[in-house]
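In: need a structure here:
(one chain, ligands or ions: 2)
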Amino acid sequence: MAVIPVELGGRSYDVHVGRGLLERAVADGLLPSPGGGLCLVADGNALAHHGERLLHVLKEAGAAVAVYEVHGGEAAKSWSELERLTDWLLAQGVERGDRVLAMGGGVVGDLTGFACAILKRGTGFVQLPTTLLAQVDSSVGGKTAINTAAGKNLVGAFHQPSLVLADLDTLATLPERELRAGYAEVLKYGVLGDAEFFDWLCANADAVLSLVPDAIEHAVATSIAAKARIVAEDERETSGRRALLNLGHTFGHALEAATGFSEGLLHGEAVALGMVLAARYSARRDDCSLDDAERVTRAVSQAGLPTEISALGLECDGAALVDHMRHDKKMQGGTLPFVLLRTIGAAFLAKDVALEDVALFLDEQLQTH
Ligand SMILES: NC(=O)c1ccc[n+]([C@@H]2O[C@H](COP(=O)([O-])OP(=O)(O)OC[C@H]3O[C@@H](n4cnc5c(N)ncnc54)[C@H](O)[C@@H]3O)[C@@H](O)[C@H]2O)c1
Ligand SMILES: [Zn+2]
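Out: Numbers count the residues shown, from 1 in each chain. Ligands and ions are numbered 1, 2, ... in the order given. Below is the predicted model:
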């Protein structure tokens, strides 16, 4: 069991990582006083597998729990679902305390977090992440959003949760492909800022992916601690520090867009490919060694994640992929900052990248390997 503080002055909160947290949450006094009402907004699959454990202890403690189920995956991060959820929360008489629990992956966390950001100009909420991606990334740091016709996550708010409980037992029911996709974000923390963690992951990937208790706890807690540190330094992504968390994401988003944000390529799989591309592009610019780029590729491949965009069967060229990048939120005055590597464990923000050069590089990658 690990407790990781996210130090944000008056908006500080703790992230608890461990097994059996959902059962222990009330006894350990973690959840808001269960007397009175609580609203549980839950992903349908997470609720089916783990809802009973949580609802049981809450009811035993005398809480009246109203449950709202979210279905439909990424499509639920929409204006219409936001309206429906916000109206429902208002109908439950939610006040400004921390009486809303968001249980599920990044979809439920982002949607519920945004609803709470705008509800009564800011209502507290608790994140109960149940995917590896949500535990190591989306539940921590306060970014909330929905998607619109213009793109993903373009409408949202910074709104920190008041508590995060990452119960490792929930990961046991996660489809293996989702687990591996979440692992890409774990590996990201090693590649961008912690060479020792990267080496540890290379030696323990199988144990982490098989959910060996000590291994998965170390992987999740180390990832969250890395994110917490960066968020504490740059909560609103103004100094460039938080932007390092986008390692692999600029390339990755272009690949997601080219595949229509479909089940064909999960976000974490796109990030895995994006990390490999960022490392190879860094080596091509002589920012890092070829050996480092190959080590990143091996670590991604070792986790059963894709490393070659030539295998995606994309019917587009490098220029078309770069066109997707031009719509990136980070685009500023015609240039796009890229997170590149000096070495494993030392990422930096490059602001001198010419998109035409990236297009040439992507053409090479689409043809080789
Ligand atoms: N806010 C942020 O900082 C941030 C960061 C990264 C990603 N995101 C967002 O997160 C979303 C992706 O999150 P995700 O990968 O968790 O996807 P998700 O929420 O869609 O969950 C993935 C799948 O796992 C299922 N599931 C969830 N928990 C389960 C469990 N314990 N057992 C079995 N099945 C379970 C869900 O029903 C879904 O089918 C994207 O919308 C992305 O934009 C946000
Ligand atoms: Zn991501």
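In: mind listing what Gly18 touches?
Out: 1-2, 166-168, 217 (C-beta atoms under 8 Å, 6 or more residues apart in numbering). Where you see a C-beta, it was placed from the backbone N, CA and C, and this is true even at glycine.
In: So which of those residues is the closest to ligand 1?
Out: Lowest distance from ligand 1 to the contacts of Gly18 (C-beta to the nearest ligand atom) belongs to Asp167, with 9.0 Å.
In: how close does that closest one sit to Ala134?
Out: 11 Å (C-beta to C-beta, to the nearest Å).
In: quick one: the helices in the stretch 251-369 of the chain?
Out: Under the criterion DSSP state H, counting those that start in this stretch, the stretch 251-369 of the chain carries helices at the ranges 267-284, 290-302, 318-325, 355-367.
In: low pLDDT regions in the stretch 151-300 of the chain?
Out: The model of the stretch 151-300 of the chain has no residue with pLDDT under 70.
In: who in it is up against ligand 1?
Out: When proximity is defined by C-beta under 6 Å from any ligand atom, the stretch 151-300 of the chain lies next to ligand 1 at 152-153, 170, 173-174, 178, 267.
In: Which of those fall within strands?
Out: Counting by DSSP state E, these place 152-153 in strands.
In: list the contacts for Ala303?
Out: Ala303 makes contact with 180, 183-184, 187, 205, 209, 272, according to C-beta under 8 Å, 6+ apart.
In: and what of Ser12?
Out: Per C-beta under 8 Å, 6+ apart, neighbours of Ser12: 5-6.
In: What's the separation between it and Gly37?
Out: Distance from Ser12 to Gly37, by C-beta to C-beta: 26 Å.
In: Show me how far the helix or strand harbouring Gly190 is from its chain's centre.
Out: In this structure, Gly190 sits in helix 176-193 according to DSSP states H and E. Averaging C-alpha positions (C-alpha atoms, centre = their mean, to the nearest Å) puts helix 176-193 9 Å from its chain's average.
In: What is the burial count for the residue lying closest to Asp137 once chain neighbours are set aside?
Out: Excluding the flanking residues, the one nearest Asp137 by C-beta to C-beta, 6 or more residues apart in numbering is Glu185, at 4.8 Å. For Glu185, the count of nearby residues is 26 (other C-beta atoms under 10 Å).
In: rewinding a little: in TSV, list the helices of the stretch 251-369 of the chain along with mean neighbour count and distance to Val339.
Out: Formatted as TSV, the helices of the stretch 251-369 of the chain follow (neighbours: other C-beta atoms under 10 Å; distance: least, C-beta to C-beta, whole Å):
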stretch	mean neighbour count	distance to Val339
helix 267-284	26	6
helix 290-302	18	13
helix 318-325	18	13
helix 355-367	17	13
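In: I'd say Thr112 and Val41 touch.
Out: Yes. Using C-beta atoms under 8 Å, Thr112 is in contact with Val41, at 4.5 Å.
In: This completes my enquiry, with thanks.
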